[in-house]
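In: Curious how this folds, go ahead:
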Amino acid sequence: MVWLTERLSISVPDVVAVMIRARADRAGWSVSTWIANAARAQAENERLIAEGLAASKEWEAEHGAFTEEELAQADTELLAAGVLREELGRAAR
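Out: Numbers count the residues shown, from 1 in each chain. Next comes the predicted model:
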């Protein structure tokens, strides 16, 4: 498959540029390849989150709202699986 490319010019803070270059070097990729992969991964994460939220709303429409206990249990399981950072979990609030 042939990918068409488009040149973009972006501005990032100095510390972010250092981080990008370091991670691209570590991966053995160009900065462009690293940024393209990071953007693709972010888009996929956003798609999965949107699908999960839609599924949650559908479930709640059929069964009623999740209880605080159910939400806290979900946070606990997501934290244990390494999917959720503690500062973002409902249980940490």
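In: Now the longest helix along the chain: buried residues?
Out: Secondary structure of the chain read by DSSP state H shows that its longest helix is helix 31-63. Neighbour-count burial for helix 31-63, counted by 16 or more other C-beta atoms under 10 Å, picks out 34-35. Placement of C-beta: from N, CA and C, glycine included.
In: What is the subsequent helix or strand relative to that helix?
Out: helix 68-80 (DSSP states H and E).
In: Next, the angle helix 31-63 makes with that next one.
Out: Angular relation of helix 68-80 and helix 31-63 on a 0 to 180 degree scale: 150 degrees, by axes from the mean of the first three to the mean of the last three C-alpha atoms, to 10 degrees.
In: Tell me the backbone dihedrals of residue 4, please.
Out: For residue 4, the backbone dihedrals are phi -80, psi 140 (criterion: degrees, to the nearest 10).
In: Can you tell me the number of residues neighbouring it?
Out: Residue 4 has 4 neighbouring residues, counting by other C-beta atoms under 10 Å.
In: tell me how far the longest helix of the chain is from the chain's mean position?
Out: How far helix 31-63 lies from its chain's middle: 7 Å, per C-alpha atoms, centre = their mean, to the nearest Å.
In: what packs against that helix?
Out: Helices and strands touching helix 31-63, by 3 or more C-beta pairs under 8 Å, 6 or more residues apart in numbering; DSSP states H and E, are helix 14-27.
In: what's the angle from the helix it packs on to helix 31-63?
Out: Note on geometry: by the same axes, to 10 degrees, helix 14-27 and helix 31-63 are set 100 degrees apart in direction.
In: Would you mind pulling up the elements that helix 14-27 packs against?
Out: Counting by 3+ C-beta pairs under 8 Å, 6+ apart, the packing neighbours recorded for helix 14-27 are helix 31-63.
In: Many thanks, have a good one.
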